[in-house]
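>>> When you get a sec, could you give me coordinates for this:
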Amino acid sequence: MHAPLSPAFRSEWCSVAALEPIAAEWRALAARALEPNVFYEPAFALAAAPVFGANVGAVLVRTASGKLAGLFPARIGRWRGGLTAMLVGWTHSYAPLGTPLIDRDEPEAVIAAWLDYLGRDPAMPAFIDVVLLRNLQLGDARADLRIRRVKDEVALDIVRSRGKMQVSIVLSA
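Numbers count the residues shown, from 1 in each chain. As a prediction, the model looks like this:
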């Protein structure tokens, strides 16, 4: 465990059901999100939580002034029946898009604060797999930007929507 990398942001984990009191600022974040996600807007997510949100929480990232700058809904589960716990973006049959809400004015700092929180909280698994952006235009192809962490290695994966091309960029080792 280490001290936070950026004192300008603070992060916390809470259940999705506990987010109802902040619905107005959550809605404001959704309106200025880098990548819109209707399934993570308060009206949809709060309605889905009782049915599809068992064990779902979210990492909230706030600026030093308290403004909500990131919302990363996720669940800790066993990915594809594996034995190791993994943090994955919250999706279900009626909400297939799991891209988090990240303030478009400071995406790098918000993502860094989220990763820093995951690294400091001993309750968070060492493995993560979350889609950050969907359908990026890369030349004549479309791809997804995924973030993945396996223990101490963090990587960004660019995965083509069709085909088998995948590029991984290791951020730390």
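
>>> What ranges in the chain fall below the confidence cut-off?
In the predicted model, the chain carries pLDDT under 70 at residues 1-7, 79-81, 132-173.

>>> quick one: the strands in it?
Taking DSSP state E, the strands of the chain run over residues 9-15, 56-63, 68-78, 85-89, 101-102, 127-138, 141-150, 153-160, 166-172.

>>> Can you get me a residue count around Ala54?
9 (other CB atoms under 10 Å). The C-beta positions use only the backbone N, C-alpha and C, and glycine is treated the same way.

>>> give me every residue that touches it.
Applying CB atoms under 8 Å, 6 or more residues apart in numbering to Ala54 gives no contacts.

>>> From Val16, how far off is it?
10 Å (CB to CB, to the nearest Å).

>>> just Val88 next, same as before
Applying CB to CB to Val88 and Val16 gives a distance of 14 Å.

>>> What of Pro42?
Look at Pro42 and Val16: by CB to CB, they are 10 Å apart.

>>> does Gly98 really touch Arg75, like I thought?
No. With contact defined as CB atoms under 8 Å, Gly98 does not count as touching Arg75 (10.0 Å).

>>> residues shared between the contacts of those two?
Val88, Trp90.

>>> The two: which is more packed in?
Gly98 (22 against 19).

>>> Check the spacing between that one and Asp105 real quick.
For Gly98, the distance to Asp105 (CB to CB) stands at 22 Å.

>>> ok, now which ones touch the residue nearest to Val110 when sequence neighbours are not counted?
Nearest residue to Val110 in three dimensions, chain neighbours excluded: Gly70, at 4.0 Å (CB to CB, 6 or more residues apart in numbering). For Gly70, the contact set (CB under 8 Å, 6+ apart) comprises 11, 29, 59-61, 100-103, 110-111, 113-114.

>>> most surrounded residue in those?
Using other CB under 10 Å as the neighbour criterion, Val61 leads the contacts of Gly70 with 29 neighbours.

>>> and the residue nearest to Asp121 when sequence neighbours are not counted, how many neighbours?
Using CB to CB, 6+ apart and skipping the chain neighbours, the partner closest in space to Asp121 is Trp13 (6.8 Å). Neighbours of Trp13 under the rule other CB under 10 Å: 16.

>>> Val88 and Val16: who's more crowded?
Val16 (25 against 18).

>>> so who does the more buried one touch?
Counted by CB under 8 Å, 6+ apart, Val16 has contacts Ala45, Leu46, Ala49, Gly53, Val56, Gly57, Ala58, Pro73, Trp90.
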